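Q: Have a look at this prediction, sequence included:
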Amino acid sequence: MATPLLSRLQKRSEFRLKFDNESPLVRVRSPLLQNLQQLTYEYSKIATLSLILFHAILKARSLPTQHTTAGRPGPGFIILITVRSVQVTKLIVALLCLTCVLTIDGHAQKKLKPWQEWSKKDAESILNDSPWARTQVDTDLSEMTFRPQAAPDAKSGSSNADPVRDARGGATNQATTVTYRIRFLSAKPIRQAFARFITPDQADARFQAHMKDFVDRQFDQWIAVIVGVESRDQRLSAPAMQAFASATTDSLKNSTYLERKDGKRLYLHMYQPPTSDGLGAKFIFERIIDERPFLKEDSGEVRFVTEAGKVKLNTRFRVDEMKYDGRLEY
């Protein structure tokens, strides 16, 4: 089952996305994560075989020695060490061959199939649960407690009614959640996943060309982070949507930043409120700082922080996991 947001994307004939959330997310591992998991498994087998090889060599070197009364090695020792040497040699050759095969097979798995061949679930997984996408869920427990609303006072007209509850149509008597999807749009896998999910199986040439331009867009100078809002009840997500819609670059620039593990912060350069493209709120940062990329493979992790009205987001990404097709994508 696809998330409501992505389900509606698929039905659009143009690249316009809208938020409509009626069912929970079903997460499926992406082909990228599956390949990485398999590769890790293969290399663990190589490490195990290496330990076996090392143990065999040590065992061969510690074979018992038989001596004659003259202090020279006896014939039993010579025969034994000859037989053992042949066995160890064969074992070494077999292990080396197997290691080479596993290594070649592991490297072959790094090559991913084109995004046009991904399934919808593969695309959804990359969009919602991948090195370039994080989810923050805010839960409100206040609605779990029932509070009867008395009639307004005859003289003052005051009431104990909660205006927020009234606007939502009454208390829900259960915990309510709002889900935020934080994604690196400047990372190519995210753009590929968006393009794949909304591309019909029988898309015409014009639509395919439009998607190709979207995927191949260059972000050499900028880092783009997008934030989407989801909830089963749109009335619950309305305050967050309003906060992002009314925010500006000036109102966010001091509370929005990317932070590396070493504490270096990169503050917001430009903000774009949500539009009809459905990608969500867009946070733009400069990529090159002091003539160097802000993030490198050894940067450890990067944290995205923003505060818009009552919405506070704080999510972490592991930089070493953000490699894709031989390069760092973010």
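A: Looks like it arrived, so ask away.
Q: in the protein, which spans are helices?
A: With DSSP state H as the criterion, the chain has helices at 4-10, 31-61, 75-108, 120-128, 163-168, 188-198, 205-215, 234-246, 249-252.
Q: Could you list the low-confidence segments of this protein?
A: 1-112, 142-173 (pLDDT under 70).
Q: Per the annotation, how does it divide into domains?
A: 37-108, 129-328 (automatic domain parsing).
Q: Strands along the stretch 201-330 of the chain, start to end?
A: According to DSSP state E, counting those that start in this stretch, the stretch 201-330 of the chain carries its strands in the segments 222-230, 257-260, 265-267, 270-272, 281-286, 288-289, 292-293, 301-308, 311-318, 323-324, 327-328.
Q: Name the residues of stretch 203-221 that come out as buried.
A: Across stretch 203-221, burial judged by 16 or more other C-beta atoms under 10 Å covers Phe207, His210, Met211, Val215, Phe219. C-beta: built from backbone N, CA, C; applies to glycine.
Q: and these, which two are the farthest apart?
A: Spatial extent of the buried residues of stretch 203-221 (C-beta to C-beta) is set by the pair Phe207 and Phe219 at 22.6 Å.
Q: which ones are touching the closest residue to Met211 other than its chain neighbours?
A: Spatial nearest neighbour of Met211, excluding adjacent residues (C-beta to C-beta, 6 or more residues apart in numbering): Ala195 at 4.2 Å. For Ala195, the contact set (C-beta atoms under 8 Å, 6 or more residues apart in numbering) comprises Trp115, Met211, Lys212, Phe214, Val215.
Q: how close does Ala195 get to Leu328?
A: Here Ala195 is placed at a distance of 21 Å from Leu328 (C-beta to C-beta, to the nearest Å).
Q: for the residue nearest to Tyr180 when sequence neighbours are not counted, what are its contacts?
A: With C-beta to C-beta, 6+ apart as the measure, Gln136 is the residue that lies nearest to Tyr180, at 4.5 Å, once sequence neighbours are left out. Listed by C-beta under 8 Å, 6+ apart, the contact partners of Gln136 are Thr179, Tyr180, Ile182, Leu313, Asn314, Thr315.
Q: partner residues bridging the second one?
A: Think Tyr180. Tyr180 has these beta-bridge partners by DSSP bridges: Gln136, Val229.
Q: now swap in the last one and tell me
A: Per DSSP bridges, residues listed as beta-bridge partners of Thr315: Phe304.
Q: Pull the number of nearby residues for it.
A: 18 (other C-beta atoms under 10 Å).
Q: Same question for the second one.
A: Using other C-beta under 10 Å, Tyr180 is surrounded by 24 other residues.
Q: Val229 is in contact with that one, correct?
A: Yes: under the criterion of C-beta atoms under 8 Å, Tyr180 makes contact with Val229 at 6.0 Å.
Q: which residues are common contacts for the two?
A: Common neighbours of Tyr180 and Val229 (C-beta under 8 Å, 6+ apart) are Ala240.
Q: Now do the end-to-end distance for stretch 294-302.
A: Taking C-alpha to C-alpha, to the nearest Å as the measure, stretch 294-302 stretches 10 Å from start to finish.
Q: go on, stretch 290-297?
A: Stretch 290-297 end-to-end distance (C-alpha to C-alpha) = 17 Å.
Q: Could you check what's spatially nearest to Tyr271, not counting adjacent residues?
A: Closest to Tyr271 by C-beta to C-beta, 6+ apart is Thr249, at 4.4 Å.
Q: residues in contact with the one you found?
A: Applying C-beta under 8 Å, 6+ apart, the residues near Thr249 are Leu268, Met270, Tyr271.
Q: what about Tyr267, distance to Lys212?
A: 33 Å.
Q: just Thr135 next, same as before
A: 28 Å.
Q: again with Gly309
A: 37 Å.
Q: rewinding a little: could I get the contacts of Thr249 in a markdown table, plus columns for distance to Ser119 and neighbour count?
A: Shown next, in a markdown table, are the contacts of Thr249 (distance: C-beta to C-beta, whole Å; neighbours: other C-beta atoms under 10 Å):
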| residue | distance to Ser119 | neighbour count |
| --- | --- | --- |
| Leu268 | 35 | 20 |
| Met270 | 35 | 14 |
| Tyr271 | 34 | 20 |
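Q: Closest one to Arg303 out of the residues you listed, please.
A: Using C-beta to C-beta, these come closest to Arg303 at Leu268, 13.8 Å.
Q: Done for today, thanks.
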